[in-house]
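Enquirer: Return a 3D structure for these sequence lines:
(2 chains)
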Amino acid sequence: KNQVEQSPQSLIILEGKNCTLQCNYTVSPFSNLRWYKQDTGRGPVSLTIMTFSENTKSNGRYTATLDADTKQSSLHITASQLSDSASYICVVRTYQAGTALIFGKGTTLSVSS
Amino acid sequence: DVKVTQSSRYLVKRTGEKVFLECVQDMDHENMFWYRQDPGLGLRLIYFSYDVKMKEKGDIPEGYSVSREKKERFSLILESASTNQTSMYLCASSLDSNYGYTFGSGTRLTVV
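Expert: Residues are numbered from 1 along each chain as shown, chains lettered A, B, ... in the order given. Take a look at the predicted model:
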């Protein structure tokens, strides 16, 4: 069964600290992996998309990694800010019409001052 | 930037009412999607459309229908709203499945 598991479920860090969110997937065949940021009450916003051949991709203070062999991805946030408080969703796309996106349940990050 | 606009941020409807949720995108995207998002369950696909007048069922289509008369507009219809359809509804569009999806801001629907 295609699944995307994220950990931790929630995380609290102090402003300025770094953190890493994890995503493990059992999706086959694999097409690409996406990380989204979702602010409370808003729709998700894309942070990165990585294909099979990409190991690392950055978007400002966000750096995503992908290990296609172990089927793991991480999202590293550097020098966190209060505005990073959000839910971060890992999404894996498979080669399948329509229901091609498999969503993780997200990690809720709270950054406190 | 692509903009996906959902007509309402918050809606309160009564059980049995017919409910229309509207979604409009402004970048000529072929693909449009409707999801619902519930705590602990993540996003689940209700319906999607790859072209005008074309629609396909997602993972949880029961109790819903859709309409896509024009390329830019994708409507979700709750034929007879029930309390278990209380949820956050998210519309998304994409140029191609290989590209990122652009989501709307969501409609939080409460059925009482």
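Enquirer: what residue ranges in chain A are flagged as low confidence?
Expert: For chain A, applying pLDDT under 70 flags the ranges A:96-99.
Enquirer: Which positions in it make contact with chain B?
Expert: Chain A comes close to chain B at residues A:31-32, A:34, A:36, A:41-46, A:49, A:89, A:93, A:97-101, A:103-106, as judged by Cβ under 8 Å from any Cβ of the partner chain. C-betas here are computed from N, CA, C, even on glycine.
Enquirer: repeat that for 6 Å
Expert: Chain A has residues A:42, A:43, A:44, A:46, A:49, A:98, A:99, A:100, A:103, A:105 near chain B, with proximity defined as Cβ under 6 Å from any Cβ of the partner chain.
Enquirer: quick one: pLDDT of the closest residue to the first one other than its chain neighbours?
Expert: Sequence neighbours aside, residue B:105 is the residue nearest to residue A:42 in space, at 5.4 Å (criterion: Cβ to Cβ, 6 or more residues apart in numbering or on different chains). pLDDT for residue B:105: 94.
Enquirer: swap in residue B:2?
Expert: Looking at residue B:2, its pLDDT reads 60.
Enquirer: Compare the residues of chain A next to chain B and tell me which is most surrounded.
Expert: residue A:44 (29 neighbours; other Cβ atoms under 10 Å in any protein chain shown).
Enquirer: Residue A:101: neighbouring residues, count only.
Expert: Count around residue A:101 with other Cβ under 10 Å applied: 24.
Enquirer: That should have said residue B:13, apologies.
Expert: Counted with other Cβ under 10 Å, the neighbours of residue B:13 add up to 16.
Enquirer: Surely it and residue B:21 touch.
Expert: No. Under the criterion of Cβ atoms under 6 Å, residue B:13 is not in contact with residue B:21, lying 10.4 Å apart.
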